[in-house]
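[1] When you get a sec, could you give me coordinates for this:
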Amino acid sequence: MSRPDTATSRTPVQLAATVVGAVFLVVGIAGFIPGLTTDYDTLQFAGHESQAKLLGVFAVSILHNIVHLLFGIAGLVMAKSARNAFLYLVAGGVIYLLLWLYGLIIDHDSAANFVPVNTADNWLHLLLGLGMVALGFALGRSAPRSR
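    From the prediction side, this is the model:
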């Protein structure tokens, strides 16, 4: 008796959510690896005082890394159904667009920058938000709709 091939039974939106979730997991883990994260010795739980930067570019903190890990886990869990994968991509994209706006509005040297974010993060959040929403709507046509 042969087992069904689960990789081919997944819809494109499920595959996209799986890939996005896996990337977030990798980024979350990478934020805890000295060398991939520069100025690792300054890594703090939260706040703009952390000078640690993933790949020497993107501001990170322990909280920021945990958010990436949780977002990655959410993507992998939600990718189990086409509808939830669609929701993950679209809602996650909206969250990243809101985070982009937040990063534009706040003073990066203030207590409001608790995640923390910098200009490079802001651009990445814009691209992630647009990309995730676009993926969700482009591939989500195959996702079953609720009645």
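[2] The spatially most central residue of the chain is in what secondary structure piece?
    The chain has Phe24 as the residue nearest its centroid, 4.8 Å off, counting by C-alpha atoms, centre = their mean. Here Phe24 is covered by helix 12-30, with elements defined by DSSP states H and E.
[3] What is the subsequent helix or strand relative to that helix?
    With DSSP H and E, the next secondary element past helix 12-30 is strand 37-38.
[4] Now the residue nearest to the centre of the chain. Nearest residue, chain neighbours left out?
    Spatially, and ignoring its direct neighbours in sequence, Phe24 is nearest to Gly72 (3.4 Å; C-beta to C-beta, 6 or more residues apart in numbering). The way it works is simple: take the backbone N, C-alpha and C, and place the C-beta from them, glycine included.
[5] Near Ser9, how many other residues are there?
    By other C-beta atoms under 10 Å, 8 other residues sit near Ser9.
[6] still on that earlier bit, ok, residues contacting the helix holding Phe24?
    10, 36-37, 54-55, 65-82, 84-86, 88-89, 92, 132, 135-136, 139-140, 142-143 (C-beta atoms under 8 Å, 6 or more residues apart in numbering).
[7] Now do the strands in the chain.
    37-38, 53-54, 58-59 (DSSP state E).
[8] Hmm, Asn84 is touching Met78, no?
    Yes: the pair Asn84 and Met78 qualifies as a contact (C-beta atoms under 8 Å) at a distance of 4.0 Å.
[9] just checking, what packs against the longest helix along the chain?
    If you go by DSSP state H, the chain has its longest helix at helix 82-105. If you count contacts as 3 or more C-beta pairs under 8 Å, 6 or more residues apart in numbering; DSSP states H and E, helix 82-105 packs onto helix 12-30, helix 62-78, helix 119-139.
[10] Of these, flag the one that's most buried.
    helix 12-30 (a mean of 20; mean count of other C-beta atoms under 10 Å).
[11] Would you mind measuring from Phe114 to Ile66?
    Going from Phe114 to Ile66 by C-beta to C-beta, to the nearest Å gives 13 Å.
[12] just Ile73 next, same as before
    Per C-beta to C-beta, Ile73 is found 11 Å from Ile66.
[13] Then Leu99?
    15 Å.
[14] Please name the residues that touch Gly31.
    Thr37, Ala52, Leu54, Val60, His64, Asn65, His68.
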